[in-house]
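J.: coords below, sequence missing:
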Ligand SMILES: [Cu+2]
């Protein structure tokens, strides 16, 4: 079969797409979390009109943050802090984190969508049903555009398998097995834009790793069929070619490392430097990124944001490393042709493209590539672009299996040892090993 035989119930989101006049007003609308019984808790953690989340995971790590729904950006997380088991205070990581654009151009050249700035992930938020949030808690937010409370956020704790495993000998010569299972605090929201449904998800692991990802599911658009070359035959024979397209997803990360907006950015590259006795010699060099940067991924290249305000117990500055897996960036737009941007913070710069905040000078342009213009980087904002070129397949017919794209922030020297290390091993093995 093919997807055109399926009809989606005409919910709010589908209706939005049919009414072009709606689009203009959607851009400026901001949904706010409704006042609830958790208001007192929010105030206690200084969330303002947002709502607090505080969760202690089974291995002792506590994550705290505030959440709210923006009409355009969807789920916005603020004041994200990480408190490993033996830390007396939460370690502040991010002042805010959210999506910054979802750009979907079709290979046929017929259409292109900018889902955040044109339509909005919060405006199109849909209710999460209890079976979709197993073992978790569903929280509501008032969505202005829909004039109702939407069951917009699922918060749960999910296992993620091995944290570690090691068979080692102790100092009496006895072998001992250390093994631990890890878990994540998982928060997600759902948005229904036309035929697609997007899952905006963040996993906060007990070892400090933050995983941001967007899942696309729902249905292939029955209106976007083309021919061989720009589409893939779906269903019987070679009649219906579902058009290939890109999903370029942007995230905007405003760091507040150890409570300070000031942070440093560094790029690392590893290159061959000759031949050793048994293998190639690889040398890793560090480049301080002191000015705004539009970065391109490469093998053996990575970036980190380094705290100017906090060190771990080994006197290493705390930092968070950007871990990008595969990304197929779309090179037809300047702003989608890079993998990461670091720009000097400006409050009016919130969307990677279609940034129409009147507080931003018109001359600065409306996309993130334009904002990289040589300014000193003292308060860096990281924009992560992860592209996925989706060539449909028979299996993608309704309901389309979720395809995910995202990145991670991994702690690098945030604590002197992993917070999951057993106390008896916490003396470390780095020095004099
Ligand atoms: Cu797709």
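T.: Looks like it arrived, so ask away. Every value quoted in this text rests on a predicted model; they were computed, and no experiment measured them. Numbers count the residues shown, from 1 in each chain.

J.: what number of residues lie near residue 382?
T.: 25 (other C-beta atoms under 10 Å). Where you see a C-beta, it was placed from the backbone N, CA and C, and this is true even at glycine.

J.: Nearest spatial neighbour of it, chain-adjacent residues omitted?
T.: residue 253 (4.4 Å; C-beta to C-beta, 6 or more residues apart in numbering).

J.: Over to residue 166?
T.: Residue 166 sits nearest to residue 178 (C-beta to C-beta, 6+ apart), 4.9 Å away.

J.: Okay, the one you found and residue 425: tell me how far apart.
T.: 7 Å (C-beta to C-beta, to the nearest Å).

J.: Do a quick rundown of the helices in this structure.
T.: With helices called from DSSP state H, the chain shows them at 12-18, 20-28, 39-44.

J.: Where among those helices is average confidence lowest?
T.: Looking at those, the lowest mean pLDDT belongs to helix 20-28 (a mean of 35).

J.: so where's the chain shaky on pLDDT?
T.: Scanning the chain with the threshold set as pLDDT under 70 gives 1-45, 428-433.

J.: Each with direction, which strands does the biggest strand by length in it pair with?
T.: Counting residues, the longest strand found in the chain (DSSP state E) is strand 148-169. Applying DSSP bridges, strand 148-169 is found paired with strand 137-143 (antiparallel), strand 175-193 (antiparallel).

J.: what comes up buried for that strand?
T.: Neighbour-count burial for strand 148-169 flags 150-157, 160, 163 (criterion: 16 or more other C-beta atoms under 10 Å).

J.: How far does that strand sit from its chain's centre?
T.: 16 Å (C-alpha atoms, centre = their mean, to the nearest Å).

J.: do the same with stretch 303-315
T.: So, by C-alpha atoms, centre = their mean, the centroid of stretch 303-315 is 22 Å from its chain's centroid.

J.: Contacts made by that stretch with the rest, please.
T.: Applying C-beta atoms under 8 Å, 6 or more residues apart in numbering, the external contacts of stretch 303-315 come out as 91, 255, 257-260, 262-268, 289, 295, 317-322, 340, 342, 380, 382, 412-416, 428, 430.

J.: How about stretch 53-60?
T.: 41, 45, 62-67, 84-85, 155, 157, 163, 180, 182-185, 187, 204, 206, 419-420.

J.: hmm, try it at 6 Å
T.: 62-65, 67, 85, 155, 183, 185, 206, 420 (C-beta atoms under 6 Å, 6 or more residues apart in numbering).

J.: Looking at those, which one is closest to residue 213?
T.: residue 185 (14.3 Å; C-beta to C-beta).

J.: Just give the number of residues close to that closest one.
T.: 24.

J.: One more: the one 5 residues further on?
T.: When neighbours are defined as other C-beta under 10 Å, residue 190 has 28 of them.

J.: What distance do you get for it to residue 184?
T.: For residue 190, the distance to residue 184 - C-beta to C-beta - is 18 Å.

J.: and the residue most central in space within the chain, what are its bridge partners?
T.: With distances taken as C-alpha atoms, centre = their mean, residue 212 lies nearest the centre of the chain, 2.9 Å away. Beta-bridge pairing of residue 212 under DSSP bridges involves residue 202, residue 407.

J.: go on, residue 51?
T.: residue 67.

J.: and it, how many neighbours?
T.: 25.

J.: do the same with residue 376
T.: 9.

J.: Also residue 273?
T.: Neighbour count of residue 273, defined by other C-beta under 10 Å: 12.

J.: My read is that it contacts residue 284, right?
T.: No: counting by C-beta atoms under 6 Å, residue 273 stays clear of residue 284, with 9.7 Å between them.

J.: and residue 400, what does it touch?
T.: Taking C-beta under 6 Å, 6+ apart, one finds 217, 219 in contact with residue 400.

J.: beta partners of residue 272?
T.: residue 282.

J.: Counting neighbours, what do you get for it?
T.: 10.

J.: these two touch, right, it and residue 281?
T.: No: with contact defined as C-beta under 6 Å, residue 272 does not reach residue 281; the gap is 7.0 Å.
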